[in-house]
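Visitor: here are the coordinates; sequence isn't available:
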């Protein structure tokens, strides 16, 4: 079905154009017209892919989390729980240019979601999925026997999840201070503190 | 100097009107015209207080952190380090309606700061101050003798700071899940884990 593939590919290109506009000029400038211009197509052609600006933004927001999930799925795991959990977390954290770009647009989408019900429900889904992924990391630590015996699954999932999102936010806001090395050393230190 | 006091008070009222517009309609709608209307004055009168939209936004962003700092300064401390550190952190975290409102607008300002150099330098200042406050909490724990003997000041400041900001973000994005009780129990658990 080459046509459907092309259609999806084209939608992703438009979402990437949306990210570029948001990163460069902010959410306020992310109009259908500006994004069409960025992508090099006419505003009229946009209608073949998205009927409203809201639909385009929702697709572009979802693509951020789809990319992160695809990277996690295709990660090669070593079988060493501490290493593999770090690998998963580094797919989320802005430890390189690609991930920083994702986090920057994610932050803009998140702020926009506070006043846009469609984005809000989407962001809720993504936050739930992310939390489940982090809970899975905690389970992995417990099941592997590495975790301290008294580890509380619920509270540790919440804590690691907040730590990861806080680090991600700091890396985007203060990249000169919250460098990839700082993020990684905090994550490793935290995981080691959960182990016996 | 009643006139100067009135002038400052009026600027704060305009900043609060800015917050209301941002919370209700998003940063995209925070034009001088809309904010003047929200505050019940003419767009022309705005010029007595702020010459540009950028100046109005910067003042409104700074007021968020000024309010938090004023609350921390006027807190009554018990002398019990664990209690007092929690008190400081709960002045930052969205554990009630007032603090949630602050965090919501803060998140919008943060996203806007990514593409607005004036807001960016302001947000950098605020992040540095907040980090210093958190480092101060870690110092307090160390100086009081409660902390584990091997506590690393730098890494623990970074970790607690990221935890607090991540929890704040989650409380705003998923208030039904990241409730004040959840935030408080994670913070207490974290602080206890830093003690011997």
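Guide: Cool, got the structure. This one's a predicted model, so the numbers in the text were calculated from it and none came from an experiment. Numbers count the residues shown, from 1 in each chain, chains lettered A, B, ... in the order given.

Visitor: nearest residue to the residue nearest in space to the middle of chain A in space, please, no chain neighbours.
Guide: Of all residues in chain A, the one closest to the mean position by C-alpha atoms, centre = their mean is residue A:65, 4.5 Å from it. Once flanking residues are discounted, residue A:65 sits nearest to residue A:126: 4.4 Å by C-beta to C-beta, 6 or more residues apart in numbering or on different chains. No exception for glycine: its C-beta is placed from N, CA and C like everyone else's.

Visitor: next, the buried residues of the helix or strand harbouring that neighbour.
Guide: Using DSSP states H and E, residue A:126 falls within helix A:117-143. Residues A:119-120, A:122-123, A:126-127, A:130-131, A:133-135, A:137-138, A:140-142 are the ones in helix A:117-143 that count as buried (16 or more other C-beta atoms under 10 Å in any protein chain shown).

Visitor: now do it: which elements does it pack against?
Guide: Contacts defined by 3 or more C-beta pairs under 8 Å, 6 or more residues apart in numbering or on different chains; DSSP states H and E place helix A:117-143 against helix A:53-73, helix A:81-92, helix A:97-113, helix A:153-173, helix A:180-194, helix B:153-173.

Visitor: in a markdown table, list these along with distance to residue A:11 and mean pLDDT.
Guide: What follows is those, written out as a markdown table (distance: least, C-beta to C-beta, whole Å; pLDDT from 0 to 100):
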| stretch | distance to residue A:11 | mean pLDDT |
| --- | --- | --- |
| helix A:53-73 | 6 | 94 |
| helix A:81-92 | 23 | 95 |
| helix A:97-113 | 16 | 94 |
| helix A:153-173 | 25 | 97 |
| helix A:180-194 | 31 | 97 |
| helix B:153-173 | 26 | 97 |
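
Visitor: among the ones you listed, which comes closest to residue B:40?
Guide: For those, proximity to residue B:40 was assessed by C-beta to C-beta; helix A:97-113 is nearest, at 26.4 Å.

Visitor: if we can go back for a sec, tell me the contacts of the residue nearest to residue A:65?
Guide: By C-beta atoms under 8 Å, 6 or more residues apart in numbering or on different chains, the contact set of residue A:126 is A:61-62, A:65.

Visitor: with residue A:96 instead?
Guide: Neighbours of residue A:96 in contact, by C-beta under 8 Å, 6+ apart: residue A:180.

Visitor: roughly how far apart are residue A:170 and chain B?
Guide: Note on residue A:170: its distance to chain B, by C-beta to the nearest C-beta, to the nearest Å, is 6 Å.

Visitor: how close does the residue nearest to the centre of chain A get to residue A:105?
Guide: 11 Å (C-beta to C-beta, to the nearest Å).

Visitor: before I go, just wanted to say thanks for your time.
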